[in-house]
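Predicted model, plus sequence, below.
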Amino acid sequence: MALAVARSRRRLRSIVTGPSRDAARTRGRPGLRYLPGLLVLGVPLLLALAGPLFAGDAGPRGTSLTTGGGHWLGTDFTGRDVLREVLLGGRSVVTVAVAATALTYAVALPAGFFCALTRRAWLEEALMRPLDVLLSVPSLLVVLLVAAAVRPGAAGLAVVVAVVGIPDAARIVRAAGAEAASRPAVEALRMQGESWARLALGYVGRSIGRTLAADIGVRLTGAVYLVATAAFLGVGVAPDAADWAVMVDRNRTGLAVQPWATVVPALLIVALTAGGNLLADAALARPPRTEKDR
């Protein structure tokens, strides 16, 4: 009883005097939780986007896998400057992974929303069962089979990575959206004659926003993994291309002699995936409750 009275007094005081200083400080800086993810993700993104502008012209090649000699990060397996290769090698990894993730959701969101909101079970089965068949095939195997038939470039690799990610993403959207679509609010909106787009985007989409934020972080990590693995196997890029994954593969034999040629691009790939997941976690975090919200 005493606790309830004290809480009531605090509420009355907050109404009269306004929100507390701590609450105002918390609400005034809600974006601080995104700072760690932005710092981690910002380094590889900045290098990928702006690195080619500062790479300069290729100078004369030096001795393979050596340090010093005017090369800040040493030379790679062909004698090229590692720093220049790092500045040039991020754009292919980042653009293909981001494009593949965007293409995945461009298909998975409409398909998942349609299956969650449709009342025709046979139509839902007809749409989801082919995706289940594709889901049963390992992603890397699909990439290798496509590479055996054709030689996909960067755009083709993005499409292949997107195709193998669509079934899983569509199932997650469908499962999360089905729960939201079964709520009485959706039935009320149907009775009011709301359009399918309004139901899918206006209500169901907002209801599963936190689930989608978490899945986007995981999906981007998976896309980076597939793109890097494909480049590691020589799919989609030339064997001597300026690419972070190719650098890890080609220079790993000299890891004990010249580690920077392998460690630096590997750390940038790790930062790219870790930063994306940190941002997704920050989007999922609920803002701290204040006394006024209780």
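Sure, I can see it. Numbers count the residues shown, from 1 in each chain.

For the nearest residue to residue 55 once chain neighbours are set aside, grab the count of nearby residues.
Take residue 55 and drop its neighbours on the chain: the residue closest to it by CB to CB, 6 or more residues apart in numbering is residue 87, 4.3 Å away. In short, each C-beta sits where N, CA and C put it, glycine included. Other residues near residue 87 number 20, with proximity taken as other CB atoms under 10 Å.

For stretch 74-86, measure first residue to last.
Length of stretch 74-86, first residue to last, CA to CA, to the nearest Å: 11 Å.

what about the residue nearest to the spatial centre of the chain, helix or strand, and which?
Central residue of the chain (CA atoms, centre = their mean): residue 220, 2.8 Å from the mean position. Per DSSP states H and E, residue 220 falls inside helix 209-232.

May I have the phi/psi pair for residue 75?
Residue 75 adopts backbone torsions of phi -120, psi 160, taken as degrees, to the nearest 10.

Spit out the contact partners of it.
By CB atoms under 8 Å, 6 or more residues apart in numbering, the contact list for residue 75 reads 61, 62, 63, 64, 65, 66, 67, 69, 81, 82, 258, 261.

okay, residue 101: pLDDT?
The score at residue 101 is 92. That number is its pLDDT.

Mind checking what secondary structure it has?
helix (DSSP: H, G, I helix; E, B strand; the rest coil).

follow-up on the earlier one: with adjacent residues omitted, what lies nearest to the residue nearest to the centre of the chain?
Using CB to CB, 6+ apart, the closest residue to residue 220 is residue 276 (4.5 Å).

which phi and psi does that neighbour have?
phi -60, psi -40.

Make sure it is actually in contact with residue 223.
No - with contact defined as CB atoms under 8 Å, residue 276 does not reach residue 223; the gap is 9.6 Å.

For the stretch 151-294 of the chain, which segments are assigned as helices?
154-181, 184-191, 196-197, 205-207, 209-232, 244-251, 260-284 (DSSP state H, counting those that start in this stretch).

Of all those, which one is nearest residue 94?
helix 260-284 (6.8 Å; CB to CB).

Does residue 117 touch residue 183 like I think?
No - using CB under 8 Å, residue 117 is not in contact with residue 183; the gap is 11.9 Å.

Thought residue 273 was touching the residue nearest to the centre of the chain, still the case?
Yes - using CB under 8 Å, residue 220 is in contact with residue 273, at 7.2 Å.

so who does residue 231 touch?
Contacts of residue 231 by CB under 8 Å, 6+ apart are 92, 93, 237, 241, 243, 244, 245, 246, 249.

What of residue 171?
Here residue 171 is in contact with 112, 128, 131, 135 (criterion: CB under 8 Å, 6+ apart).

quick revisit: between residue 117 and residue 183, which one's more packed in?
residue 117 (20 against 13).

Excluding covalently adjacent residues, which one is nearest to that one?
residue 181 (5.2 Å).

now do residue 189
Spatial nearest neighbour of residue 189, chain neighbours left out: residue 199 (5.8 Å); criterion: CB to CB, 6+ apart.

one step back: how near is the residue nearest to residue 55 to residue 208?
Between residue 87 and residue 208 the computed distance is 39 Å (CB to CB, to the nearest Å).

next one: residue 255
Residue 255 is 44 Å from residue 208, by CB to CB.

do residue 76 as well
Note on residue 76: its distance to residue 208, by CB to CB, is 45 Å.

higher neighbour count, these two?
Taking other CB under 10 Å, residue 76 and residue 208 do not tie; residue 76 has more neighbours (30 against 23).

For that one, which non-adjacent residue is closest in space?
According to CB to CB, 6+ apart, the nearest residue to residue 76 is residue 261 (4.7 Å).

Okay, now the unreliable bits of the stretch 151-294 of the chain?
286-294 (pLDDT under 70).

what's the burial count for the residue nearest to residue 265 when sequence neighbours are not counted?
Nearest-residue entry for residue 265: residue 244, 3.8 Å, with adjacent residues in sequence omitted and distances by CB to CB, 6+ apart. The tally of other residues near residue 244 (other CB under 10 Å) stands at 30.

returning to what we had before: and the residue nearest to residue 55, what is it in contact with?
Neighbours of residue 87 in contact, by CB under 8 Å, 6+ apart: 47, 51, 52, 54, 55.

Which single one of those residues is nearest to residue 122?
Residue 122 lies nearest to residue 47 out of the contacts of residue 87, by CB to CB, at 50.2 Å.

Isn't that closest one up against residue 88?
No - using CB under 8 Å, residue 47 makes no contact with residue 88, being 9.4 Å away.
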